[in-house]
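[1] Need coordinates for the below:
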Amino acid sequence: MVSPEDQQLISASLKGDRVGQSRLYKKYAQAMFNTAIRMVSEREIAKDLTQDVFVKVFQDLGRFRQESTLGAWIKRITVNTCLNHLKKAGRMQFQEVEVEKLKMHDMADEESKTPDMKIVHKAIKGLPNGCRTVLNLYLLEGYQHKEIADILSIKESTSKTQYRRAKQLLQDQLKSQLYAT
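    Reported below is the predicted structural model:
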């Protein structure tokens, strides 16, 4: 599953070749920073966590079993590093919400307005941490609810509920901002 280019970068990095390590870092650092900033919402912390991720990558590269792509393996390290940071900072909170209380509105039936991406990013950043984390893992990182439940040590139903709650909160916030003008 590992591309020939990544295989060369892995081999060079394992031999201590600084050029190979630098190329590996440059290839994946921006994507991992983007993942980190979506998860922690603070630029400087995301930068620090990205550096921590690559320290772990280079320390553990010899244990990479190549069962997935190198990028997927590094992303898993990034997600786990960010989650550990959020847990230590006491920012991982999940609230049980009754599904019936989440009334979903179909925006397709309403006048079509497209929100500016800055507004969307700001709205996501303003979500409660548990909702934002599940939304990021499911929608942006591509994890399934079962995987999210395992990663976060929560029930699968809690992951689904947090995702629905995040969508509802985003929808409400974006509607109020879009139709306020």
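
[2] Mind listing residues that contact the one helix or strand in the chain whose mean pLDDT sits lowest?
    Across the helices and strands of the chain, the lowest-confidence element by mean pLDDT, DSSP states H and E is helix 117-125, at a mean of 83. Outside helix 117-125, the residues that touch it by C-beta atoms under 8 Å, 6 or more residues apart in numbering are R38, S41, P115, R132, L135, N136, L170, Q173, L174, Q177, L178. Where you see a C-beta, it was placed from the backbone N, CA and C, and this is true even at glycine.

[3] count of residues packed around the residue lying closest to the second one once chain neighbours are set aside?
    Meaning S41. Leaving aside its chain neighbours, S41 sits nearest to K125 (4.7 Å; criterion: C-beta to C-beta, 6 or more residues apart in numbering). Neighbourhood size, K125 [other C-beta atoms under 10 Å]: 13.

[4] And K125, how far from Q21?
    32 Å (C-beta to C-beta, to the nearest Å).

[5] Ok, S41 next?
    From S41 to Q21 the distance is 29 Å (C-beta to C-beta).

[6] same thing with K160?
    From K160 to Q21 the distance is 40 Å (C-beta to C-beta).

[7] neighbour count winner among these two?
    Q21 (19 against 16).

[8] how about that one, what does it touch?
    Counting by C-beta under 8 Å, 6+ apart, Q21 has contacts A12, S13, F58.
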